[in-house]
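A.B. asks: Quick one, structure for this:
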Amino acid sequence: MIIYAEYFFLENLIADGVIAALTLRLWRKKTDRWRFSLAVLLMTLYSFSVFVPHSAMLNSFPAKIVFSLLVVKILFYDSEKKVFGQAAVTFFGVSLAMGGTVSFALYILGTEGISSSGTLYVSPSSYPVILICIGASYFFIKVFFQVLTDKSKKEDLVVEVGLELGEKSCRLKAFVDTGNTLRDPAGGRPVMIGEAGAVRSIIADNYDKTKIRLIPYCSVGLESGTLIGVEIDRIIIKDGTREYRGMPAVLAVYNGNFGLEDGCSIILHPDILEKGAVGSCC
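C.D. replies: Predicted structure coming up:
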């Protein structure tokens, strides 16, 4: 089988770009363009190591692990250790899934090609089918990761929330209610609901009237009406040892007691968690 260097480089550049992009997307992480380009270029150049004489050490499993960690470090340069480790596992998983998908396509189609040891090469005539397989792999990996993420969230529905409004602030326990769909009709911001007794200290005589919002609500078989809310200046989410800034939101005041366990006095909209960049500290 004749391998053309320019095709080999281009194919691996595209495949490595997809792997890096998908890893970043799964973690909702943004990185500098030059960092992304550097990581993809290093991955592509590393693919050529299979042609280097006596490269057994360079292509050994420990060497690949070290190189992969270097690539992940470039992409997730500002992430904390826990997130970095999870991102590395994701990177390995995406790489294996992509390689397996292409290998399966080569086997089924009977097309000459290479898809092993971190390298990819197929004949130009097979490009359309291989690109479709890579796209399908991208989609299914994303869906699978989302299912795992949703499952993880359901297992940990209690977080600590720091609220800042003007010069006042407070920290309270919050219950993440996946069924909470309340939004501010004026600005579309997600709405969290707090017990009046718990949040009164930061909202009393401490907000601009332009930030006041009226939030209509209704519950099946329960009361309905309007809650008074206020735009919060800053929201800090603490989930275990991780802290990050939550999505801008409105705090609605409920004149009653939720009766929640673990001392939770806030019902949190799930989208407030989604907006915070994973691993970004405040």
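A.B. asks: Does residue 241 touch residue 82 like I think?
C.D. replies: Yes: Residue 241 is within contact range of residue 82, at 7.1 Å (criterion: C-beta atoms under 8 Å). Bear in mind the C-beta positions are built from the backbone N, C-alpha and C, glycine included.
A.B. asks: Neighbour count: those two, which is higher?
C.D. replies: When residue 241 is set against residue 82 and neighbours are counted by other C-beta atoms under 10 Å, the residue ahead is residue 82, at 13 against 8.
A.B. asks: Provide the secondary structure category for the more buried one.
C.D. replies: helix (DSSP: H, G, I helix; E, B strand; the rest coil).
A.B. asks: That one contacts residue 89, doesn't it?
C.D. replies: No: Residue 82 lies out of contact with residue 89 (C-beta under 8 Å); the separation is 11.2 Å.
A.B. asks: Please give the element, helix or strand, for residue 15.
C.D. replies: Residue 15 is part of helix 5-26, with elements assigned from DSSP states H and E.
A.B. asks: So which bits of the helix or strand just after that helix are buried?
C.D. replies: Next along the chain after helix 5-26, taking DSSP H and E as the criterion, comes helix 33-47. Residues 36, 39, 40, 43, 44, 46, 47 are the ones in helix 33-47 that count as buried (16 or more other C-beta atoms under 10 Å).
A.B. asks: What of stretch 77-97?
C.D. replies: Across stretch 77-97, burial judged by 16+ other C-beta under 10 Å covers 79-80, 83-84, 86-88, 90-92, 94-95, 97.
A.B. asks: got it, and stretch 230-242?
C.D. replies: 230, 231, 232, 233, 235, 236, 237, 238, 239, 242.
A.B. asks: And for stretch 175-185?
C.D. replies: For stretch 175-185, a neighbour-count test (16+ other C-beta under 10 Å) marks 175, 176, 177, 180, 182, 183, 184 as buried.
A.B. asks: Out of those residues, which one has the weakest pLDDT?
C.D. replies: Least confident of the buried residues of stretch 175-185 in the model: residue 180, at 81.
A.B. asks: Before we go further, that one is sitting in a strand, right?
C.D. replies: No: counting by three-state DSSP, residue 180 falls outside a strand, being coil.
A.B. asks: So it versus residue 198, what's the distance?
C.D. replies: 17 Å (C-beta to C-beta, to the nearest Å).
A.B. asks: Also residue 96?
C.D. replies: Where residue 198 is concerned, residue 96 sits at a distance of 47 Å (C-beta to C-beta).
A.B. asks: which stretches of this protein have low pLDDT?
C.D. replies: Applying pLDDT under 70 to the chain flags residues 1-5, 50, 54-56, 100-130, 133-134, 144-156, 205-208, 219-223, 261, 274-282.
A.B. asks: any idea how far residue 217 is from residue 224?
C.D. replies: The spacing between residue 224 and residue 217, counted by C-beta to C-beta, is 6 Å.
A.B. asks: quick revisit: out of the buried residues of stretch 230-242, the closest to residue 18 would be?
C.D. replies: Using C-beta to C-beta, residue 242 comes nearest to residue 18 of the buried residues of stretch 230-242, at 28.1 Å.
A.B. asks: Does that closest one touch residue 81 like I think?
C.D. replies: No: look at residue 242 against residue 81 with C-beta under 8 Å: they stay out of range, at 10.6 Å.
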